[in-house]
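*Asks:* Sharing a model that was predicted from the sequence below.
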Amino acid sequence: MSNVTPLGESLAFPAGFTWGAATAAYQIEGATDADGRGPSVWDTFSRTPGKVRGGDTGDIACDSYRRYPEDADLLRSLGLSSYRFSISWPRIFPTGAGQVNQAGLDHYKALLDTLAERGIAGAATLFHWDLPQALQDQGGWASRDIALRFADYAAVVGEALGDRVERWITVNEPLVVADLGYRTGVHAPGIADAAAAAATTHHLLLGHGLATAALRAAVPGAQVGITLNLTPVFVTPNANGSADLLERARRVADATHNGVFLEPVLFGRYPEHTPAAIRPPAALIHDGDLAAISAPIDFLGVNYYRPQHLRPGDPANLRLREYPPVPGTEEGVVEYYPDGMEQTNMDWLIDPDGLYQLLARLSKDAPGLPLYVTENGRAAEDYPNPEGKVDDLERVKFLHQHLEACARAARDGVNLAGYYVWSLLDNFEWAYGYQKRFGIIYVDFPTGRRIPKASAAFLARVASENAVPPLPAAWPV
Ligand code: FCB
């Protein structure tokens, strides 16, 4: 596969390519008390002083629970054919299990019907992090029982919405839940316990497997997959360290970021190089678990934000643009930001070719499996200018470069079936609250007013042409 594209070439996407935008329930819906919804771990966490910047909560967010027809109109005006949204588990099971809340199901029926009237298909994520608080009170994902409750929830939602949903995503980014939710505690439920995090890893995967079976039983012909956030790992040898050391570090980083979720799903095993601190202990892995987890999926959802670059260095004496490597890495290796690569205001490295390399690798790991980029995007310091327009040129550049990488991957034989930008709307960015804007549509939070940004027009153009325009020789930003 070649990764060289001459300037001036416009690259087409395959016919039938899916163009979409993604959101998640807690980040956009608001209306946390409406129609019988129960509390989620993010309600509890965001109301705990010091956990979310500015004390922000999802109580109002983008008010999309009520303004969804306007959001659907915006999707249509951009010519997008699919909307990736998530279903709020505590709207369906306010107390985690037992009684189903019909009003919650009715909301998503109405959303899906509103989308369908506008010619937009729905891609529904079952778990995008808003666990019912009642289930957290019983141990959350550290407890095996939650995987069974997740399958019950999948069956109920499948029965109710199966005729309306085009594509199902069981779990969004299990790594982030295990790592930030249970290992470091900077996300809900705010637990900092390595053993709980390792258990969470296995139970999220088991939940994915059991929910997949439940959806297949409830919805004949259901298209089911999982969304993983994946991080390609690159190494740069230099005179200060051995190539073997770097290769061992690369394997540990790859197992930590990717393999620990990818290999169970694709191959039914935890990777050999998984550091002991994150590997689920054997006692938690029951007979049949890995078979359930690796039952065939119809597609893989890929969230790509940034890569990781490693080089020889001293983690005890980090230099500028160097960072500690993942735990379990031998001494003598650091993560670093290569010269000439920019970063976003999340401090995330920008590396569009990382997306190309990632897609190429997945296409080797899972030949023929359809891949969807289910999230890709960047935060920027967006604001309406005196004319009321939001000229987010950094995001236009980011999308242009990453879409070019996607088009190259498809041209080179990767079975890439669709692309969803993160996000349709500026929204509640978890522990950052409303201080980070990822939308292609600006949201004025005090009023809820939506203003499509320049990046929305850019994505609309790419979607309508089903091709990415030539990369410019120079960028305006
Ligand atoms: C991903 C999450 C998504 C959003 C983006 C910026 O990790 O899936 O909800 O917060 O990051």
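*Replies:* Cool, the structure landed.
*Asks:* which residue sits closest to the residue of the stretch 101-250 of the chain found nearest the ligand in space, ignoring its chain neighbours?
*Replies:* Using Cβ to the nearest ligand atom, the single residue of the stretch 101-250 of the chain nearest to the ligand is Glu173, 4.8 Å away. For the C-beta atoms, the positions are set from N, CA and C on the backbone; glycine is no exception. Once flanking residues are discounted, Glu173 sits nearest to Asn229: 4.4 Å by Cβ to Cβ, 6 or more residues apart in numbering.
*Asks:* close enough to count as contact, that neighbour and Ala178?
*Replies:* No. Using Cβ atoms under 8 Å, Asn229 makes no contact with Ala178, being 11.5 Å away.
*Asks:* higher neighbour count, the two?
*Replies:* Ala178 (26 against 20; other Cβ atoms under 10 Å).
*Asks:* would that one count as being in a helix?
*Replies:* Yes. Under DSSP: H, G, I helix; E, B strand; the rest coil, Ala178 sits within a helix.
*Asks:* Give me the contact list for the strand or helix carrying Arg76.
*Replies:* Element membership of Arg76 [criterion: DSSP states H and E] is helix 64-77. By Cβ atoms under 8 Å, 6 or more residues apart in numbering, the list of residues contacting helix 64-77 from outside reads 21, 23, 28-31, 34, 62, 83, 107, 110-111, 114-115, 117-120, 424-425, 441, 448, 450, 452, 460.
*Asks:* from those, which would you call buried?
*Replies:* 21, 23, 28-31, 62, 83, 107, 111, 114-115, 120, 424-425, 441, 448, 450, 452, 460 (16 or more other Cβ atoms under 10 Å).
*Asks:* give me the number of residues near Asp287?
*Replies:* By other Cβ under 10 Å, neighbour count at Asp287 equals 6.
*Asks:* The ligand versus that one, what's the distance?
*Replies:* 32 Å (Cβ to the nearest ligand atom, to the nearest Å).
*Asks:* repeat for Ala291
*Replies:* 28 Å.
*Asks:* Dihedrals phi and psi, the closest residue to that residue other than its chain neighbours?
*Replies:* The shortest distance from Ala291 to any non-neighbouring residue, by Cβ to Cβ, 6+ apart, is to Gly268 (6.3 Å). Main-chain torsions, Gly268, degrees, to the nearest 10: phi 70, psi 30.
*Asks:* count of neighbours near Gly268?
*Replies:* Applying other Cβ under 10 Å, I find that Gly268 has 15 neighbouring residues.
*Asks:* what about the nearest residue to Pro94 once chain neighbours are set aside, distance to Asp289?
*Replies:* Distances taken as Cβ to Cβ, 6+ apart put Gly38 closest to Pro94, at 2.9 Å, once the chain neighbours are dropped. According to Cβ to Cβ, to the nearest Å, Gly38 and Asp289 sit 29 Å apart.
*Asks:* Please enumerate the helices of the stretch 51-200 of the chain.
*Replies:* Under the criterion DSSP state H, counting those that start in this stretch, the stretch 51-200 of the chain contains helices at 64-77, 89-92, 102-117, 133-136, 145-161, 174-176, 194-218.
*Asks:* As TSV, those helices with mean pLDDT would be great.
*Replies:* Formatted as TSV, the helices of the stretch 51-200 of the chain follow (pLDDT from 0 to 100):
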stretch	mean pLDDT
helix 64-77	98
helix 89-92	98
helix 102-117	98
helix 133-136	98
helix 145-161	98
helix 174-176	98
helix 194-218	98
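*Asks:* Out of these, which one sits most buried?
*Replies:* Highest mean neighbour count among these (mean count of other Cβ atoms under 10 Å): helix 89-92, with a mean of 26.
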